[in-house]
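Enquirer: Sequence and computational prediction follow.
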Amino acid sequence: MSHILIPKNIIRGGLGKYVEAGVEMPPVMLKGHFRVELISRAGIIKKVLEFDNLITNGGLDGLATKGLSAGGSSLLTYAAVGTGSTAPTNADTTLVSEIAPASTNRTNSNGSVADVLTYVSGTPDYYNFVRTFLFDFTQGNGNLTEIGLFTASSSGTMWTRQLLKDSGGTPTTIVKTSSDQLKVTYTLQLYPLQSDVTGSITISSTSYSYTIRAANVGPTTRYSDFFYYGCLGFAMKAHSDALAARTSEPSAGSISPTSTSIASYSAGNYYLECTAVWSAATANFGGSGITAFRIWSPNGAGSFLMQMGITGGLPKDNTKQLTLVVRKSWGRYP
């Protein structure tokens, strides 16, 4: 999935009473990695495997309504292992041959290792969310070849399925017995928008240039809301402020919409269309008008992930209602 902005260019109404426009936010991108350790009763690490994961279509669908770290509603609640050898695909919904019964062989134990969220600077920069799963001596025993993460202790949505792989990327087997524990460390990387995206929208026959930029990127935990809530929430703010640095956000003249709504999600889209409405009586700044927006708060209250600046500003006044339709999207990091 690319980072190219696709304007919708929606214009409705007449006589200048209503202004409606729509834009698509560049997607938030995700990538995961497994570390699997076979540990003896004496605490000796007998085998270590590390490999990237495959995020399923169902897992991406799940982000529309679930988070990644929110307890029982998390997409990453249970780990399961199996003996299937079929190569994973994005369309997979179950392991090929899960160790049964799932109700006792899946694990949601973290082995007393707490979740960790960190910011990693660089080009690109990203956030690491790390969750640990521990299969105890009685769980998941067998000649293990595949692994998956699920929302529930049986059935549920499968976030990822992957074959166990050696250091060369070749599928391999871990033989786990009642004398072993299996420690699984899953690292999920979230990549904010790396560079500005520009475009234009036409409103009432006038073209307005915009710049979309990530917001609040840095070593704070502002992005923790995404891991907790996924893509469920939505909020916006209109501003008379300039577009801020990527590490910050606009602040001056903050006006919330009169109303917001989120359209129903369709499986396989990996986006949600969200509508914000400022009535005729609100966000009338005068002067240069609305010059910036804060966009997409996963918890519906704060911690905005995106910002958009409007060159020259939108000349909204008390004769116009502004409706902005925003498509927020997500996908797999290349």
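Expert: Sure, I can see it. Numbering: from 1, shown residues only.
Enquirer: For the closest residue to Ile147 other than its chain neighbours, list the residues it contacts.
Expert: Spatial nearest neighbour of Ile147, excluding adjacent residues (C-beta to C-beta, 6 or more residues apart in numbering): Val81 at 5.3 Å. Every C-beta, even on glycine, is put in place using the N, C-alpha and C of the backbone. Applying C-beta atoms under 8 Å, 6 or more residues apart in numbering, one finds that Val81 lies in contact with 95, 98-99, 105, 135, 140, 142, 144, 146-148, 176, 182.
Enquirer: Surely Arg161 and Asp92 touch.
Expert: Yes: using C-beta atoms under 8 Å, Arg161 is in contact with Asp92, at 4.7 Å.
Enquirer: Please identify which of those two sits among more neighbours.
Expert: In this view Arg161 and Asp92 are compared by other C-beta atoms under 10 Å, and Arg161 has more residues nearby, 29 against 22.
Enquirer: what's the helix or strand for that one?
Expert: In the assignment (DSSP states H and E), Arg161 maps to strand 158-163.
Enquirer: Could I get the CA-only coordinates of that strand as PDB?
Expert: Presented in PDB, the C-alpha positions along strand 158-163 are these (Å, rounded to 0.1, in the frame of the first residue of the first chain):
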ATOM      1  CA  MET A 158      -6.200 -14.600  13.800                       C
ATOM      2  CA  TRP A 159      -4.000 -11.500  13.500                       C
ATOM      3  CA  THR A 160      -1.000 -13.400  12.100                       C
ATOM      4  CA  ARG A 161       0.100 -16.900  11.000                       C
ATOM      5  CA  GLN A 162       3.700 -17.800  10.300                       C
ATOM      6  CA  LEU A 163       5.800 -20.900   9.800                       C
END
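Enquirer: Report the next helix or strand after the lowest-mean-pLDDT helix or strand in the chain in sequence order.
Expert: Least confident element among the helices and strands of the chain, by mean pLDDT, DSSP states H and E: strand 18-24 (a mean of 63). Moving toward the C-terminus from strand 18-24, the next helix or strand (DSSP H and E) is strand 28-40.
Enquirer: quick revisit: what residues are shared contacts of Arg161 and Asp92?
Expert: Common contact partners of Arg161 and Asp92 (C-beta under 8 Å, 6+ apart): Leu54, Thr56.
Enquirer: So which residues of the stretch 51-200 of the chain form helices?
Expert: Listed in chain order, the helices of the stretch 51-200 of the chain (DSSP state H, counting those that start in this stretch) span residues 57-62, 102-105.
Enquirer: Might one say that Thr73 is in contact with Lys66?
Expert: Quick fix: residue 73 reads Ser, not Thr. Yes: taking C-beta under 8 Å as the definition, Ser73 is a contact partner of Lys66 at 5.5 Å.
Enquirer: Now list whatever residues contact both of the two.
Expert: Counting by C-beta under 8 Å, 6+ apart, the shared contacts of Ser73 and Lys66 are Thr151.
Enquirer: And those two? Which one has more around it.
Expert: Taking neighbours as other C-beta under 10 Å, Ser73 and Lys66 compare with Lys66 leading, 21 against 17.
Enquirer: tell me the contacts of the more buried one?
Expert: Per C-beta under 8 Å, 6+ apart, neighbours of Lys66: Ser73, Ser74, Leu75, Thr151, Thr157, Gly230, Leu232.
Enquirer: what does Thr132 give?
Expert: Per C-beta under 8 Å, 6+ apart, neighbours of Thr132: Asn110, Gly111, Val113, Asp115, Lys183, Val184, Thr185, Tyr186.
Enquirer: if you look at the residues you listed, which of them are in strands?
Expert: Counting by DSSP state E, these place Lys183, Val184, Thr185, Tyr186 in strands.
Enquirer: What's the local residue count around the third one?
Expert: Applying other C-beta under 10 Å, we find 18 other residues in the vicinity of Thr185.
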